[in-house]
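Undergrad: Sharing a sequence plus its predicted fold:
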Amino acid sequence: MSIRRFLQTSYSKKQDPMFSIVKGITGISPKDLSLYTRVFTHTSMEETDADGKKINYERLEFLGDAVLNTIVAAYLFRELPQNNEGSLTLMRSKIVRRDFLNQIGDRLGLIRHLSSNVPEKNYGPDIHGNLFEAIVGAVYLDCGYDACATFVHASMISPHVNLIKLQNKVLSYKSLLVDWFQKNRFHYKYEVVSDNGAEKTTYYKAKLWLDNKVIATARATNKKKAIEKVSKRACFQFQHQIKFIQNKH
């Protein structure tokens, strides 16, 4: 390519609105804008390329998930030299958990640039995290691992990851509680029933029995949430006794 043609191509690329969007989000000057067009294309658009392959963020989301796990694993390996494999795996799970990635994607405002044929309320609860993983995948393909790691550290790890606080974060109160019950050979049972009342939204009520006595109840919009909620309430009752196994969950 001649210098003149290169300069014209570079200028034309910078004039593309997508260039400014990506540069503003990642701090990186993108090379292949088509990758980022995929990031911000919802499946409802039903777009395809010349070969008939679908154009949307899903494949980049898959790649970004793997790259993100690698970047976080490398970060934890450096920062926590005394932790064993199991502890590092748990800490990584606490960082790449879905609700946290959703927060990062939301803070970056990724959804504002998404092309879609459906209303935003129909996107699903994890759209923000999905888009964040997709843009991680796009940056990796476009600019390489080092640039992608720099973006992840700047947008997620440096401003929002506190390893000291994460050490004490519980991912599953049910898992923590059941572990404690089993270690102490307590007899326990979860009971979940429908509890709609006059409300249109479906609710479920969970009860936790310990040695034939109800020790906590909770209500939520699905069974899993109700069980986790009732487990959390029970954990606070026994927090001093179960504190010694908390770092495993």
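TA: Yes, it's here. Numbering: from 1, shown residues only.

Undergrad: Bridged to residue 192, which residues?
TA: Using DSSP bridges, the beta-bridge partners of residue 192 come out as residue 206.

Undergrad: Isn't it up against residue 223?
TA: Yes - contact criterion Cβ atoms under 8 Å: residue 192 and residue 223 qualify, at 5.0 Å. C-betas here are computed from N, CA, C, even on glycine.

Undergrad: any residues in contact with both of the two?
TA: Residues touching both residue 192 and residue 223 (Cβ atoms under 8 Å, 6 or more residues apart in numbering): 204, 206.

Undergrad: Mind telling me what element residue 217 is part of?
TA: In this assignment (DSSP states H and E), residue 217 forms part of strand 213-220.

Undergrad: average pLDDT for that strand?
TA: Taken as a whole, strand 213-220 has a mean pLDDT of 93.

Undergrad: Show me what that strand is packed against.
TA: When contacts are defined as 3 or more Cβ pairs under 8 Å, 6 or more residues apart in numbering; DSSP states H and E, strand 213-220 sits against strand 204-210, helix 223-237.

Undergrad: Make CSV out of the ones you listed and add mean neighbour count and distance to residue 85.
TA: Output for the helices and strands packed on strand 213-220, formatted as CSV (neighbours: other Cβ atoms under 10 Å; distance: least, Cβ to Cβ, whole Å):
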stretch, mean neighbour count, distance to residue 85
strand 204-210, 19, 32
helix 223-237, 18, 26
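
Undergrad: and after the lowest-mean-pLDDT helix or strand in the chain, which helix or strand comes next?
TA: Sorted by mean pLDDT, DSSP states H and E, the helices and strands of the chain end with helix 3-15, the least confident at a mean of 54. As assigned by DSSP H and E, the chain's next helix or strand after helix 3-15 is helix 17-26.

Undergrad: What residues sit buried inside the next helix-or-strand element following that next one?
TA: As assigned by DSSP H and E, the chain's next helix or strand after helix 17-26 is helix 33-39. Neighbour-count burial for helix 33-39 flags 33, 35-39 (criterion: 16 or more other Cβ atoms under 10 Å).

Undergrad: tell me the pLDDT at the nearest residue to residue 222 once chain neighbours are set aside?
TA: Leaving aside its sequence neighbours, residue 222 sits nearest to residue 204 (Cβ to Cβ, 6 or more residues apart in numbering; 6.4 Å). According to the prediction, residue 204 has pLDDT 93.

Undergrad: isn't residue 204 right next to residue 218, touching?
TA: No - Residue 204 is beyond contact range of residue 218, at 9.2 Å (criterion: Cβ under 8 Å).

Undergrad: what residues are shared contacts of those two?
TA: Taking Cβ under 8 Å, 6+ apart as the contact rule, residue 204 and residue 218 both touch residue 226.

Undergrad: Show me this structure divided up by domain.
TA: 3-167, 173-248 (automatic domain parsing).

Undergrad: Mean pLDDT lowest where, among these?
TA: Minimum mean pLDDT among the domains of the chain: domain 173-248, a mean of 86.

Undergrad: hmm, back to that, contacts made by the strand holding residue 217 with the rest, please.
TA: 195, 203-209, 226, 228-234, 237.

Undergrad: same thing with stretch 27-42?
TA: 13, 16, 18-19, 21-23, 47, 55-57, 59-60, 110, 113-118, 123, 131, 134-135, 137-139, 141-143, 147, 150-151, 154.

Undergrad: Pull out the buried members of the residues you listed.
TA: Buried among those (16+ other Cβ under 10 Å): 18-19, 21-22, 55-57, 60, 110, 113-114, 116, 123, 131, 134-135, 137-139, 141-143, 147, 150-151.

Undergrad: and the gap between the residue nearest to residue 222 and residue 19?
TA: 48 Å (Cβ to Cβ, to the nearest Å).

Undergrad: what number of residues lie near residue 174?
TA: Counted with other Cβ atoms under 10 Å, residues neighbouring residue 174 total 20.
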